[in-house]
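S.K.: My questions concern the predicted model and sequence given below.
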Amino acid sequence: MAPNIIGSTFILAETAIADTNNNKMSTTTTTTTAAAAPVKAAPAKLASPVSAVAPQTDAKPAAAAKPFKAEIVYHNIVLFIILHSMALYGLYLIPAEGAYLEILPIYLFTFLGGLGITAGVHRLWSHKAYKAKMPLRIFLMLCQSLAFQNSIWEWTRDHRVHHKFTDTNADPHNSRRGFFFAHMGWLMCKKHPDVGSKGKQIDMSDIEADPVVMFQKKYYFVVMPICCFVLPMLLPYYLMGSSLKVCFFSCSMLRYCLSLHGTWLVNSAAHFYGMKPYDVNISSVNSRLVSNITFGEGWHNYHHVFPWDYKAAELGTYNGNWTTAFIDLMAKIGQAYDLKFVSKEMVYKRVMRTGDGTHIAAMLDANNNNSSEVPTNELVMHLDHDLEENVIWGWDDKDISEEDRKSASIVNSVLESKQD
């Protein structure tokens, strides 16, 4: 029974995420029928009130109005129901089987998978906030495979698009479409055509030049099942003597489901509930709760303003940012270098110019007493991110300003480190 369950689960889980992140979309499905029946058919059916109200619209609105209609992918919804059912059963098994020690491997694998996302595909590969030598890149690649959130190449492309075109139709998890869509609904329907078209503008040459990334991309559906499902199940089974049922449903499926929701909170909660000390004009917010859950990824208002800072936050300690502690440790042993971070002068300038007044620098500023200078919530709700200029996804973005490059601080620079 166990091998059949495991094998089928691999197929279900792989299809759920791989299909939903596929950018090859049909852009003619909902528009062809509307275009096939132009304006001639309209007068016959627009009998009473409508024809009297708008008789002079002619063909202009019909030709211009082609609204996007989301297409739900129902089989992905079914697969998510199966995944969450397995996770809930795994949660039930912990007290039912007295498997409280199994919480340790659940947390261990959740933490390792989290590092693969936060220190790996996010800060290292997506934003180029620091550089890593080959052993560390291999380790982070395996941890990212453990998290099973698409290959490094796909994750990086989608995340750079998210930063470059935040809260527009090109944003894969556009927060303007609601909390649920930003959290997981975007995986239950086909992507907006802009995601694919704008995604082609993102430079991925640096990622494609990394042999570790390309190895994972080529052998993803071999590496990922082993890291994500087999090892988290077999290690506690052999080392702790746990039942195979508990190991599969709790250590594999429950752990995987929890890690997904942790990452999704950065897309949803960190764009809705929190403060905006650095830029009140964007949707991302700072959330300590999300940061504690995601090992430091919840200081999201800061991160969207300075995406190339390896700390992803302005913190003096590691409290709420374990990922930074890990990167600093790797730098001390020579595996991480070129750690880029924002100087205090850059932070304070931005806080005083665009912050919401909650930053300590703003509160201490004697001249910051005019509350009318701070945009109201009503104004913030109607901000148009399409009009933003010089939005960047990270350090290697060609649109980053020379002032930012010159003002950035770099720890353990490449000149001080040996190359691979």
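M.R.: Received the coordinates, thanks. Numbers count the residues shown, from 1 in each chain.
S.K.: most residues in a single helix of the protein, which one?
M.R.: Longest helix in the chain, counting residues (DSSP state H): helix 74-96.
S.K.: now that helix, how far from the chain's geometric center?
M.R.: Remark: helix 74-96 is offset 22 Å from the chain centroid, using CA atoms, centre = their mean, to the nearest Å.
S.K.: Now Asn319: which helix or strand?
M.R.: Taking DSSP states H and E as the definition, one finds Asn319 inside no helix or strand.
S.K.: any idea how far it is from Trp299?
M.R.: Asn319 sits 11 Å away from Trp299, going by CB to CB, to the nearest Å. Just so you know, the C-beta spots here come from the backbone N, C-alpha and C atoms, and that holds for glycine as well.
S.K.: Between the two, which is the more surrounded one?
M.R.: Trp299 (27 against 12; other CB atoms under 10 Å).
S.K.: thinking again about what came up before, just the buried positions in the longest helix of the chain, please.
M.R.: Residues 76, 79-80, 82-83, 86-87, 89-91, 93-94 are the ones in helix 74-96 that count as buried (16 or more other CB atoms under 10 Å).
S.K.: what's it packed up against?
M.R.: For helix 74-96, the packing partners by 3 or more CB pairs under 8 Å, 6 or more residues apart in numbering; DSSP states H and E come out as helix 2-20, helix 244-246, helix 255-267.
S.K.: ok, 6 Å please
M.R.: Counting contacts by 3 or more CB pairs under 6 Å, 6 or more residues apart in numbering; DSSP states H and E, helix 74-96 is packed against helix 2-20.
S.K.: now the helix it packs on: mean pLDDT?
M.R.: Mean per-residue pLDDT for helix 2-20: 43.
S.K.: repeat for stretch 293-303
M.R.: The average pLDDT within stretch 293-303 is 95.
S.K.: any idea where the helices of the stretch 301-420 of the chain begin and end?
M.R.: Assigned by DSSP state H, counting those that start in this stretch, the stretch 301-420 of the chain shows helices spanning 322-332, 344-354, 360-364, 377-381, 402-407.
S.K.: For the ones you listed, which has the smallest mean pLDDT value?
M.R.: Looking at the helices of the stretch 301-420 of the chain, the lowest mean pLDDT belongs to helix 377-381 (a mean of 38).
S.K.: if we can go back for a sec, now render the buried residues of helix 74-96 as TSV, adding distance to Ala209 and pLDDT.
M.R.: Converted to TSV, the buried residues of helix 74-96 look like this (distance: CB to CB, whole Å; pLDDT from 0 to 100):
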residue	distance to Ala209	pLDDT
Asn76	33	92
Leu79	34	94
Phe80	35	97
Ile82	38	97
Leu83	34	97
Met86	38	98
Ala87	37	98
Tyr89	43	98
Gly90	40	97
Leu91	42	97
Leu93	45	97
Ile94	44	97
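S.K.: ok, so of those residues, who is nearest Trp264?
M.R.: Phe80 (11.6 Å; CB to CB).
S.K.: That closest one and Tyr74, how far apart?
M.R.: The gap separating Phe80 from Tyr74 is 11 Å, by CB to CB.
S.K.: if I read this right, Phe229 contacts Cys251, doesn't it?
M.R.: No - Phe229 is beyond contact range of Cys251, at 9.5 Å (criterion: CB atoms under 6 Å).
S.K.: When those two are compared, which one has more neighbours?
M.R.: Between Phe229 and Cys251, counting by other CB under 10 Å, Cys251 is the more crowded of the two (30 against 23).
S.K.: Tell me, what's the model's pLDDT at that one?
M.R.: We have a pLDDT of 97 for Cys251.
S.K.: Now Thr324. Nearest residue, chain neighbours left out?
M.R.: Excluding the flanking residues, the one nearest Thr324 by CB to CB, 6 or more residues apart in numbering is Lys311, at 4.6 Å.
S.K.: Is the one you found in contact with Ala325, as I believe?
M.R.: No - taking contacts as CB under 6 Å, Lys311 lies outside contact range of Ala325: 9.9 Å.
S.K.: about what we covered before: what about dumping the CA coordinates of the longest helix of the chain to CSV?
M.R.: Taking C-alpha atoms only, helix 74-96 is exported to CSV below (Å, rounded to 0.1, in the frame of the first residue of the first chain):
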residue,chain,number,x,y,z
TYR,A,74,-10.7,22.7,-11.4
HIS,A,75,-8.3,19.7,-11.2
ASN,A,76,-5.8,21.9,-9.3
ILE,A,77,-8.6,22.7,-6.8
VAL,A,78,-9.2,19.0,-6.4
LEU,A,79,-5.5,18.3,-5.9
PHE,A,80,-5.3,21.0,-3.2
ILE,A,81,-8.2,19.5,-1.4
ILE,A,82,-6.4,16.1,-1.4
LEU,A,83,-3.2,17.7,-0.2
HIS,A,84,-4.9,19.5,2.7
SER,A,85,-6.9,16.4,3.6
MET,A,86,-3.7,14.5,3.9
ALA,A,87,-2.2,17.3,6.0
LEU,A,88,-5.1,17.4,8.3
TYR,A,89,-5.0,13.6,8.7
GLY,A,90,-1.3,13.9,9.5
LEU,A,91,-2.1,16.5,12.1
TYR,A,92,-4.7,14.2,13.6
LEU,A,93,-2.2,11.3,13.8
ILE,A,94,0.2,13.2,16.1
PRO,A,95,-2.0,13.0,19.2
ALA,A,96,-3.9,9.9,18.0
